[in-house]
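In: Sequence first, then the predicted structure:
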Amino acid sequence: MKPAEFQARVQTNARPIVVDVWAPWCGPCRTLSPRLDQVGEEYATQVDVWKINADAEPELVRSLGVRGIPTLILYRQGEEVARRTGLQSVEALHQLFDALVLDVAPAPQAGLSDATRWLRLLSGAALWAVAAFSGWPPVLLIVGAVIIFSGIYDRCPLWQAFTARLRGSPPAAAQ
């Protein structure tokens with residue numbers, strides 16, 4: 001689908017829309033899909049759910065500004081009202097759908113801003129590269145790797161499962 005065609009469909013759709021940008025090889029996408037189907041069925045008379053395969057529609061995905069998958073884009077009255085990237089729990093999906101139906105702003109997504117994420121990734125990579133190629137103490141390699149990880153930890157399913165176990169709660173994938 002061409003970006004202009006997609007925008008026209010969004011503008012003329014009478015109900016709120018949740019667009020799921022996914023890919024068949026994406027593990028979190030495969031975990032999110034049944035959850036989204038479940039919640040989508042509960043709101044079937046109030047909210048439309050559209051799925052876009054990122055591999056099949058790369059031009060559309062680029063035009064939407066999607067930089068990570070899975071990504072959910074919420075539209076109301078032809079306008080984007082929210083966006084969520086990463087795996088969502090059933091509870092979080094209910095909150096998003098409720099916000100669309102009740103015509104209220106969804107709660108902001110917790111996590112790092114894109115600027116903070118990129119700053120951590122680039123500064124950690126720079127520190128790691130300097131330590132690796134200049135003969136600086138090897139501990140700086142570890143510090144660089146930790147800084148890099150601090151830029152992506154919130155999207156790492158293994159880290160989410162580990163921290164959930166430490167807190168004694170089930171991981172997001174089990175909710």
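Out: Arrived safely.

In: So which elements touch the helix or strand hosting residue 91?
Out: Residue 91 belongs to helix 90-102 when elements are defined using DSSP states H and E. Packing partners of helix 90-102 (3 or more C-beta pairs under 8 Å, 6 or more residues apart in numbering; DSSP states H and E): strand 17-22, helix 27-42, strand 71-76, strand 79-85. Yep, even glycine has a C-beta here, placed from its N, CA and C like the rest.

In: So for the helix or strand following the second one, what gets flagged as buried?
Out: Pointing back at helix 27-42 there. Following helix 27-42 in sequence order, the next helix or strand is strand 48-53 (DSSP H and E). With burial defined by 16 or more other C-beta atoms under 10 Å, the residues of strand 48-53 counted as buried are 48-50, 52-53.

In: Just put the residues you listed in CSV and tack on pLDDT and distance to residue 101.
Out: Formatted as CSV, the buried residues of strand 48-53 follow (pLDDT from 0 to 100; distance: C-beta to C-beta, whole Å):
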residue, pLDDT, distance to residue 101
48, 96, 12
49, 96, 13
50, 96, 17
52, 96, 22
53, 96, 26
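
In: Out of these, which comes closest to residue 10?
Out: residue 50 (8.9 Å; C-beta to C-beta).

In: Quick check: the residue nearest to the closest one when sequence neighbours are not counted vs residue 90, distance?
Out: Nearest residue to residue 50, sequence neighbours excluded (C-beta to C-beta, 6 or more residues apart in numbering): residue 19, at 4.9 Å. Separation of residue 19 from residue 90 (C-beta to C-beta, to the nearest Å): 19 Å.
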